[in-house]
Every structure is written in C-alpha cells, then in structure tokens.
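Asker: can you look at this prediction? I've put the sequence above it.
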Amino acid sequence: AQKITQTQPGMFVQEKEAVTLDCTYDTSDPSYGLFWYKQPSSGEMIFLIYQGSYDQQNATEGRYSLNFQKARKSANLVISASQLGDSAMYFCAMRGANAGNMLTFGGGTRLMVKP
Amino acid sequence: DTGVSQDPRHKITKRGQNVTFRCDPISEHNRLYWYRQTLGQGPEFLTYFQNEAQLEKSRLLSDRFSAERPKGSFSTLEIQRTEQGDSAMYLCASSGRQGLGEKLFFGSGTQLSVL
C-alpha cells in the first residue's frame, strides 16, 4: 500500500519569498516516483515536478525544486520567489513500481501568497 | 495541443438518476485515467484505459459506475442510480508515456452535485 501525508492544510507566504510545502510518503515498493501538482481554482491539476527514487540529484523545474530525503521518506516542494499566481492547492503524489498505473495523492496544502 | 476536455463542467442531478460524463484526451495520448476528488481531499484513482482496453479498476468503482473508451479516443463515465455520496469532482487525465515518471495531463473536471 502507498500513502502520502501532507500535514499543512494551509500556508501563507509573502510575495517574493520562498516557501516549503511538506510531503512524507510510505511505500514498500523499492522503486517509485514522486510528483507535485498544482490545482488552481479552475480545477485543472497542473504537473510541476517529478523525482525518481533512484535519482541522485534533487529535481528542479524553474522556481520549483524538490527536496528529496529518501531516508526520511520526505519529498518537500520548495517554491522560490513566490508570485501571486502561485496561490492554489498543491498536491504531492507517488507512483510505485508495483502499484500498477495508479497515482496516489496526498490531501493537499492550500498556499496563499500575500502581496 | 488543445488539452484534455471534460463535459459538462457542472452537473446537478437528483438522487436515483443516471448521469454520464465525457472526456476528450489529448489526441495523441493512448492512456486515459479517471479520478474522483471530494471536497478538501486529493484525487482518488478510479480506472485506467490503454487505448480502448480498461486495464485497471479501483475498488472504489462500485457496480453502479461504468467507464468506456470505445474507439480508444474519448471516454465516458456513467453513474447509475446516483447517491448523495457520489457528489464530487470527476477528473479525467491522459498521457502518452508509460513508466514511473509518467506525467498526467488533467482536464478541469466535472463537478457533480447529487441532491
């Protein structure tokens, strides 16, 4: 079984500052992938970043980086230089090698960027 | 690339009625997913198609739910004898690449309200 835990229901950040959204996971699969998706109020889930469990380096995509700590089973998302348009729900998700094609999502964190 | 389209965006129905939702994936994508998202939660996997074949179904998908993808292009999700607990956002996603790093492209969802 796979489980994703996001302990922060809501977060505030000042515009132009960095923010870290927490994600911990649990799986028995030896190989897995970790994802972050953004869901604005329009409802569409937007892919942000991916980290493979065997990747040696932390993933980065523009202002997004993933702080992957395998021993702690954490995959925190760091957003640098927050913008007002970053206000949205953020979901951490994982896919295990033995879990078929299913993507398991956490409960999400609502990020609010203050001007 | 016109993105994943879902229709309708909103559906209000009375308990016991049947409803059908449609999803048009990105045209070159052969993999299609349905997820359900209740208020304040992350999406939950319902079912997966590769071309026209339904290859995976979640235990969440009761016998009142049926999904089809007859020609390997668009897909429909039907809920028979709707119940109030079926009220949720139904999200469709597609992708063209299999693997741990498979990136899903989501539609904006169909919001179902069962009165």
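Answerer: Thanks, I have it.
Asker: secondary structure class for B:Gly85?
Answerer: Per DSSP: H, G, I helix; E, B strand; the rest coil, the secondary structure class of B:Gly85 is helix.
Asker: what about it, distance to A:Gly43?
Answerer: Separation of B:Gly85 from A:Gly43 (C-beta to C-beta, to the nearest Å): 20 Å. Placement of C-beta: from N, CA and C, glycine included.
Asker: in terms of neighbours, single out the busier of the two.
Answerer: Comparing B:Gly85 with A:Gly43 by other C-beta atoms under 10 Å in any protein chain shown, the one with more neighbours is A:Gly43, at 18 against 9.
Asker: contact partners for whatever residue of chain A ends up closest to chain B?
Answerer: Residue of chain A nearest chain B, by C-beta to the nearest C-beta: A:Phe105 (3.2 Å). Neighbour list for A:Phe105: A:Ile4, A:Tyr37, A:Phe91, A:Cys92, A:Ala93, B:Gly42, B:Pro43, B:Glu44 [criterion: C-beta atoms under 8 Å, 6 or more residues apart in numbering or on different chains].
Asker: what comes up buried for stretch A:53-72?
Answerer: Using 16 or more other C-beta atoms under 10 Å in any protein chain shown as the test for burial, stretch A:53-72 gives A:Ser53, A:Ala59, A:Tyr64, A:Ser65, A:Leu66, A:Asn67, A:Phe68.
Asker: between which two of the residues you listed is the distance greatest?
Answerer: The distance between the two most remote of those (C-beta to C-beta) is 18.5 Å, for A:Ser53 and A:Tyr64.
Asker: please report the distance of the nearest residue to A:Val13 once chain neighbours are set aside from A:Thr109.
Answerer: Spatial nearest neighbour of A:Val13, chain neighbours left out: A:Val19 (4.0 Å); criterion: C-beta to C-beta, 6 or more residues apart in numbering or on different chains. Going from A:Val19 to A:Thr109 by C-beta to C-beta gives 10 Å.
Asker: which neighbours do the two have in common?
Answerer: In contact with both A:Val19 and A:Thr109: A:Met11, using C-beta under 8 Å, 6+ apart.
Asker: hey, what's the residue of chain A closest to chain B bridged with?
Answerer: Here A:Phe105 sits in beta bridges with A:Ala93, as judged by DSSP bridges.
Asker: would you map the strands across the chain?
Answerer: Since you didn't name a chain, this refers to chain A. A:3-5, A:10-14, A:19-21, A:24-26, A:32-39, A:46-52, A:60-61, A:64-69, A:74-79, A:88-96, A:104-105, A:109-114 (DSSP state E).
Asker: that's the other chain; I wanted chain B
Answerer: Counting by DSSP E, the strands of chain B are B:5-7, B:10-13, B:19-24, B:31-37, B:44-50, B:53-57, B:65-68, B:75-79, B:88-95, B:105-106, B:110-114.
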